[in-house]
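Undergrad: quick one, what's the 3D model for this:
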Amino acid sequence: MQIEQILNVFAREASLLDATLRHYEPLRPLFSREFAGVDAAALRLAYLQLLKLKVDYVQYTVPALRAAGLALRDGDPEDRRWSEMLLHYADGEHDDEGDYGHDVWARQDMQALGAPPALLDAPTHPSALLYGRYFVDDARRHPYAILGAKGVLEQFSIRVSDDIVRGLIESGIPNAAQATTFFSQHGVLDIDHVREGARNLSELDHTHKRDQVVEAAYFTSGTYRTLVHGSIPG
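TA: I've put the predicted structure just below:
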C-alpha cells in the first residue's frame with residue numbers, strides 16, 4: 001500500500017470516530033451547542049465518562065511507543081532509525097517534571113469537574129486492556145503498529161477537540177473551563193504531530209511494515225468505537 005493510501009485510511013477512520021462521538025446522543029449537545037432541555041447533570045456525567053475513556057487507553061501511549069522503539073532497536077537500518085523516532089515520540093508524550101503521561105491531564109480534568117471516586121477509580125475498561133495488550137505486550141510481533149494508532153487518533157483529535165472544549169464551556173456546567181486541559185492541549189499538539197507523522201511515514205519503505213500500520217489503524221478505530229459505547233452508556 002502506498003503512503004498516500006495509508007494516510008487516506010487514517011483520515012477515513014478518524015472521520016468515522018468523529019461521527020461516532022459527534023452523533024452519540026449523550027455527547028451530542030457538546031457539538032451541536034443546543035442545550036435547551038438538556039439534562040446538565042447527564043451531560044456532565046457523559047463528559048466525565050469520556051475523560052475516563054481517555055484515561056483508560058492513553059495510559060498505554062508511552063509504554064506502547066517505548067515497547068515498539070525497543071523492539072526495533074536491534075533490527076535493520078530502517079528499524080533502528082524508527083526506534084530512535086519512536087523513543088523520541090515517547091519522550092514527547094511524557095511530562096519529565098511531573099513524571100506522568102497525558103492520561104493524567106484527563107484525570108485532573110475529571111477531578112476539576114468533581115468526578116465521584118467510583119468513576120475516578122473504576123477499573124480500566126476491558127477494551128482498553130485489549131488495546132494495551134496489542135500495542136505494548138505484543139509490540140515485538142508488530143512494532144510498526146503503533147504508527148497506525150497515532151495516525152488515526154491524532155487526526156481524530158484535531159477534528160473534535162476544539163468543538164468539545166467550546167461546547168463544554170458554553171454548556172454552563174460548573175467549573176467547565178477548568179476541565180478542558182486534555183482536549184485543549186491535544187487539539188494544539190496533534191496538529192504538528194500529524195504533519196510530522198505523515199512526513200516520517202513517507203520514509204517507511206517495506207510493504208510488510210506498512211501492513212502493520214494499516215492493520216493497527218483499523219484495530220484502533222474499532223477498539224475506540226467499542227470503548228465509546230461501553231464507557232458512555234446511551
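Undergrad: report the contact partners of Leu16.
TA: Listed by Cβ atoms under 8 Å, 6 or more residues apart in numbering, the contact set of Leu16 reads 221, 225. In short, each C-beta sits where N, CA and C put it, glycine included.
Undergrad: dump the strand or helix carrying it to CSV, restricted to CA.
TA: Leu16 belongs to helix 3-22 when assigned by DSSP states H and E. Taking only C-alpha atoms (Å, rounded to 0.1, in the frame of the first residue of the first chain), the coordinates of helix 3-22 have been written out as CSV:
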residue,chain,number,x,y,z
ILE,A,3,1.8,6.1,1.8
GLU,A,4,-0.9,8.3,0.4
GLN,A,5,-3.3,5.3,0.7
ILE,A,6,-2.3,4.8,4.3
LEU,A,7,-2.9,8.5,5.1
ASN,A,8,-6.3,8.1,3.5
VAL,A,9,-7.0,5.2,5.8
PHE,A,10,-6.1,7.4,8.8
ALA,A,11,-8.4,10.2,7.5
ARG,A,12,-11.3,7.8,6.9
GLU,A,13,-11.1,6.1,10.3
ALA,A,14,-10.6,9.5,12.0
SER,A,15,-13.8,10.7,10.3
LEU,A,16,-15.6,7.6,11.4
LEU,A,17,-14.6,8.2,15.0
ASP,A,18,-15.5,11.8,14.7
ALA,A,19,-19.0,10.9,13.5
THR,A,20,-19.3,8.2,16.3
LEU,A,21,-18.6,10.8,19.0
ARG,A,22,-20.3,13.8,17.4
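Undergrad: any weak-confidence spans in this protein?
TA: For the chain, applying pLDDT under 70 flags the ranges 94-101, 186-195, 197.
Undergrad: please enumerate the strands of it.
TA: With DSSP state E, the ranges of strands along the chain come out as 94-95, 100-101.
Undergrad: residues contacting the residue most central in space within the chain?
TA: Against the mean C-alpha coordinate of the chain, by Cα atoms, centre = their mean, the closest residue is Leu153 at 4.7 Å. Shown in contact with Leu153 (Cβ under 8 Å, 6+ apart): 14, 220, 224.
Undergrad: which of these sits closest to Ile173?
TA: Of all those, the one sitting nearest Ile173 is Tyr224; the distance, using Cβ to Cβ, is 24.1 Å.
Undergrad: how many residues are close by the residue lying closest to the closest one once chain neighbours are set aside?
TA: Distances taken as Cβ to Cβ, 6 or more residues apart in numbering put Leu17 closest to Tyr224, at 5.6 Å, once the chain neighbours are dropped. Number of residues near Leu17 (other Cβ atoms under 10 Å) recorded here: 22.
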